[in-house]
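Student: Provide a 3D model corresponding to the input given below.
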Amino acid sequence: MKKKINTKFVNMLLLASFFLLLTSCSEDEVSTNARVKLVVNTTSNTSGTQLRSSIQNQLNFSSGYITIREVVFDGENQSTNQSISRSHEQIASVNYQTGAISPELIVTVPGGLYSNVNLGIELQDDTSNPSVVIEGSYTNSNNEELPIRFEFNSGEVFEANAQTVMINNNADIVGKITFDAISWFSTVTAEQLDSAILTNGVIVISSTSNTEIFSIVADKLDVDTEAVFE
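Tutor: Now for the predicted structure:
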């Protein structure tokens, strides 16, 4: 004789399993609800700082963009004894004038106390378009104001590092990177800019135009671009 299945008991068991699964998912969501948000700071004018070998000449940058392709977070979560690595691939554009990033770049990580933390910011270099374009003006030794344009195309990676960082659940921590074109040009002399070749009336500094100046600026871009946690 066959035994009848207690459907009421089975339904209760299924319901209990469902609530256990729901609770587990909620705990996972809470544990990964901390966010590392990228913020950008820029510098657009000399603000009294002169170029080398220059007293009267001035350099100003009023517009431009930086294209970012990926943000990567790595660190040791001391609270869970886990190595955490998270990446967010997203083509985003930084407005050089305002520092605004569109769209936002955010990496979600488990909360906790982290050690050996690294945040990498990689520039876009998959197209023929420059990843960095900064535009402004240069006033030469004859007091003539000339437009200037700097172009840079490389998958450069900038990093913020910290020995320890506390990242709280349901909170944001900021990774801040500073793009300072004035600093990039700080070792270019006034004589070099005065002698620069013009392209349709513009001083274009790129890998194919005024290459000597470009090499100086590109090296400084690599060295002087800083990223920190706040």
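Student: Sketch out the low-pLDDT regions of this structure for me.
Tutor: 1-32, 44-57 (pLDDT under 70).
Student: And the residue nearest the centre of it?
Tutor: With distances taken as CA atoms, centre = their mean, the residue of the chain nearest its centroid is Ile121 (4.6 Å).
Student: quick one: buried residues of the strand or helix carrying that residue?
Tutor: Taking DSSP states H and E as the definition, Ile121 sits inside strand 112-123. For strand 112-123, the neighbour count (16 or more other CB atoms under 10 Å) marks 112, 114, 117, 119-123 as buried. C-beta coordinates here come from the backbone N, C-alpha and C atoms, glycine included.
Student: ok so, going back, now the residue nearest to the centre of the chain, nearest residue through space, not along the chain?
Tutor: Phe158 (4.8 Å; CB to CB, 6 or more residues apart in numbering).
Student: ok, now which ones touch Asn210?
Tutor: 196-197, 203-204 (CB atoms under 8 Å, 6 or more residues apart in numbering).
Student: Burial check on Asn168, number of neighbours?
Tutor: 12 (other CB atoms under 10 Å).
Student: Repeat that for His88.
Tutor: 16.
Student: which parts of the helix or strand containing it are buried?
Tutor: If you go by DSSP H and E, His88 is part of strand 82-95. Neighbour counts over strand 82-95 (16+ other CB under 10 Å) mark 84, 88, 92, 94 as buried.
Student: Mind listing the strands the next helix or strand after that strand pairs with, and their directions?
Tutor: Counting by DSSP H and E, the next helix or strand C-terminal to strand 82-95 is strand 101-102. In the sheet, strand 101-102 lines up against strand 82-95 (antiparallel) (DSSP bridges).
Student: Contacts for the partner strand next, please.
Tutor: Here strand 82-95 has contacts from 40, 42, 65-77, 100-110, 114, 124, 179, using CB under 8 Å, 6+ apart.
Student: ok, back up a step: need the buried residues of strand 82-95 in CSV (columns: distance to Ser141).
Tutor: Listed next are the buried residues of strand 82-95 as CSV, based on distance: CB to CB, whole Å:
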residue, distance to Ser141
Ile84, 54
His88, 47
Ala92, 39
Val94, 33
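Student: Looking at those, spot the one nearest Glu151.
Tutor: Val94 (15.2 Å; CB to CB).
Student: gap between that closest one and Ala181?
Tutor: Going from Val94 to Ala181 by CB to CB, to the nearest Å gives 12 Å.
Student: Which secondary structure elements does the strand holding Ile121 sit against?
Tutor: strand 34-43, strand 58-77, strand 157-167, strand 172-180, strand 226-229 (3 or more CB pairs under 8 Å, 6 or more residues apart in numbering; DSSP states H and E).
Student: can you do 7 Å?
Tutor: strand 58-77, strand 157-167 (3 or more CB pairs under 7 Å, 6 or more residues apart in numbering; DSSP states H and E).
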